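S.K.: Based on what follows, work out the 3D shape:
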Amino acid sequence: MAPITGTWTLDDRLAGPVREVSFEVGPRTAALTVRLAYDRSAGVLDLGCAGPYGFRGWSGGARSEFTISPAWATPGYLPGEVEPGVWRVLLGLYRVPAAGLPYEISVIRHARPPAVPRAHPSRCARVPRAAHREPAAARRGLPSLGGFQWLAGDLHAHTTHSDGSLSVYELACVAADRGLDFLAVTDHNTVSHHAELPSASALAGIVLVPGQEVTTDLGHANALGDVGWVDFRRPPDEWARAVRDRGGVLSVNHPVAADCAWRHPMSERPRTVELWHWSWWDRTWGAPLAWGQAWGEDGEPEGTGDVVAVGGGDFHRPEEGHPPGAPTTWVLAESGGRGAEAAGAVVRAVAEGRTAVSASPGGPLLLRHGEEFLAVDADGLVLWGPRTRAVVRGDLVRLPARPGLHRLETPANEVMAMCS
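M.R.: The predicted structure follows:
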């Protein structure tokens, strides 16, 4: 079949950021390969795929080719039978120059499924590892609370299923070595990584939470929990309803971070917000706190209403220098669960606002523990809240808890920890 060619224009991008190019697949096609070619120095096109019965994958700008077969697929895509009928290449018009962006799509219909590539994650060696020495709460001397325990983790990370450099198992090992108890794997606009989470979790000795970073030009949000795929092409109010109805949590990501700051209007605002993203490199800069205050609309000075604050390391590759757990999100979760049950407990803790954030797994920590605040390793820091101003004196200090988002700051106003 001859390649499909065309040119995307700025008018096309403004008419809709994701466009479809259709092609037919016959009944004797065993597998499918699609290749996208364009001048990458001139613009950026994201790549994805839908079959006759719905979504089959997304790789954004990280790949220019994918294969789907019954037994395996390119990371980011769902393996399974290649059904006959009309298939669609999904193209995100992320950056289109004024002169337009010519493209070419080649579709290869395989009579027999291709062999699994050597670099495919399914062929990588995976060795069972002992769980890290002890849970983070035990290392920090944190008390339990009526059948609940504090867990340390990260709610934002990526793998080779989108634009990360590590496989799910490799990422899980890195997070476990950091001393984290849980990690949400949130690849962009896909859930193909979900199938690998149970085995990687068991082998690496860490709870892996299913997630998807719903990614658009006007902002990103994490869908946390075993909620299936969320269609990023729909309005954010529909994301929120779908995630809520399926028992998950939608978190607005890095709301003031460069070109992926949150700019979507919503009729009902999600409570959960990634106020502390790794890019908050100067924590004397108050923009995230100011954004949270405006988002919460509580009318209280220094407050953030009903906002549930979480953190996100947004890990992609080791060489970037911000590992999982920088920052660390802490959740007060039900004790005793394992596997999917433990992952569900993490999501429920976030949904119910039992969260705190610290700069690292071992950094100063502020927890809302029942009717008290626990300030851990925070001697000399300032506890700051809507109606609270107090200097912490001691390494494990209990103080009366009050409503609203609270934080620990240095005398120079650098944020060191916060809790919802």
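
S.K.: Quick check: Pro75 touching Pro121?
M.R.: Yes: counting by Cβ atoms under 8 Å, Pro121 is a contact partner of Pro75 at 6.2 Å. For the C-beta atoms, the positions are set from N, CA and C on the backbone; glycine is no exception.

S.K.: From what I see, Ala184 and Val209 are in contact.
M.R.: Yes: using Cβ under 8 Å, Ala184 is in contact with Val209, at 4.0 Å.

S.K.: rewinding a little: shared neighbours, Pro75 and Pro121?
M.R.: By Cβ atoms under 8 Å, 6 or more residues apart in numbering, Pro75 and Pro121 have these common neighbours: Thr160.

S.K.: between these two, which one's more packed in?
M.R.: Per other Cβ atoms under 10 Å, whichever of Pro75 and Pro121 has more neighbours is Pro75, with 26 against 21.

S.K.: Arg118: neighbour count?
M.R.: 7.

S.K.: Low-confidence regions, the stretch 201-350 of the chain specifically.
M.R.: Scanning the stretch 201-350 of the chain for pLDDT under 70 picks out the ranges 297-305.

S.K.: Strands along that one, start to end?
M.R.: With DSSP state E, counting those that start in this stretch as the criterion, the stretch 201-350 of the chain has strands at 207-216, 219-224, 249-252, 272-277, 308-312, 328-334.

S.K.: C-alpha coordinates for the second one, PDB please?
M.R.: Extracted as PDB, the C-alpha positions of strand 219-224 are listed here (Å, rounded to 0.1, in the frame of the first residue of the first chain):
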ATOM      1  CA  GLY A 219      -2.400  20.900  31.200                       C
ATOM      2  CA  HIS A 220      -1.800  17.500  32.600                       C
ATOM      3  CA  ALA A 221      -3.600  15.500  35.300                       C
ATOM      4  CA  ASN A 222      -2.900  12.100  36.900                       C
ATOM      5  CA  ALA A 223      -5.700   9.500  36.900                       C
ATOM      6  CA  LEU A 224      -4.800   7.300  39.900                       C
END
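
S.K.: What are the buried residues along it?
M.R.: Neighbour-count burial for strand 219-224, with 16 or more other Cβ atoms under 10 Å as criterion, is recorded at 219-224.

S.K.: now the residues you listed as TSV including distance to His369?
M.R.: Shown next, in TSV, are the buried residues of strand 219-224 (distance: Cβ to Cβ, whole Å):
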residue	distance to His369
Gly219	33
His220	31
Ala221	29
Asn222	26
Ala223	29
Leu224	23
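
S.K.: List just the nearest of these to Trp330.
M.R.: Leu224 (15.2 Å; Cβ to Cβ).

S.K.: For stretch 142-153, measure first residue to last.
M.R.: 15 Å (Cα to Cα, to the nearest Å).

S.K.: Next, format the strands of the stretch 201-350 of the chain as TSV and append distance to Val127.
M.R.: Putting these into TSV (distance: least, Cβ to Cβ, whole Å) gives the following:
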stretch	distance to Val127
strand 207-216	17
strand 219-224	29
strand 249-252	33
strand 272-277	33
strand 308-312	29
strand 328-334	26
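
S.K.: Which of those sits closest to Leu145?
M.R.: It's strand 328-334; of those, that one is closest to Leu145 (Cβ to Cβ) at 6.7 Å.

S.K.: contact partners of the closest one?
M.R.: So strand 328-334 is contacted by 136, 145, 147-155, 180, 182, 310-312, 342, 345-346, 348-350, 354-361, 363, 365, 367, 369 (Cβ under 8 Å, 6+ apart).

S.K.: Can you select the buried ones among these for me in PyMOL?
M.R.: The buried residues among the contacts of strand 328-334 can be selected in PyMOL (16+ other Cβ under 10 Å) with this line:
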select buried, resi 136+148+149+150+151+152+153+154+155+180+182+310+311+312+342+345+346+348+349+350+354+355+356+357+358+359+360+361+363+365+367+369
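
S.K.: Inside strands: which ones of the contacts of strand 328-334?
M.R.: Among the contacts of strand 328-334, the ones falling in strands (DSSP state E) are 148-154, 182, 310-312, 355-358, 365, 367, 369.

S.K.: and stretch 6-15, average pLDDT?
M.R.: When pLDDT is averaged over stretch 6-15, the result is 96.

S.K.: Between the two ends of it, how far is it?
M.R.: 16 Å.

S.K.: Which parts of the stretch 101-250 of the chain are helices?
M.R.: 136-140, 168-177, 197-204, 236-245 (DSSP state H, counting those that start in this stretch).

S.K.: got those helices as TSV, with distance to Glu20 columns?
M.R.: Listed next are the helices of the stretch 101-250 of the chain as TSV, based on distance: least, Cβ to Cβ, whole Å:
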stretch	distance to Glu20
helix 136-140	45
helix 168-177	29
helix 197-204	30
helix 236-245	19
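
S.K.: ok, Leu32 - how many residues close by?
M.R.: Leu32, neighbours per other Cβ under 10 Å, totals 23.

S.K.: now Arg338
M.R.: 11.

S.K.: what's the answer for Arg263, then?
M.R.: By other Cβ under 10 Å, 10 other residues sit near Arg263.

S.K.: so it sits right up against Pro236, yeah?
M.R.: No: checked against Cβ under 8 Å, the pair Arg263 and Pro236 is beyond contact range at 10.4 Å.

S.K.: intersection of neighbour lists for the two?
M.R.: Between them, Arg263 and Pro236 share the contacting residues Gly219, judged by Cβ under 8 Å, 6+ apart.

S.K.: Identify the residues contacting Val191.
M.R.: Applying Cβ under 8 Å, 6+ apart, the residues contacting Val191 are 78, 210, 212, 228-229.

S.K.: Could you tell me which of those residues count as buried?
M.R.: 78, 210, 212, 229.

S.K.: and the two most separated of those residues?
M.R.: Maximum distance among these (Cβ to Cβ): 14.2 Å, for Leu78 and Pro210.
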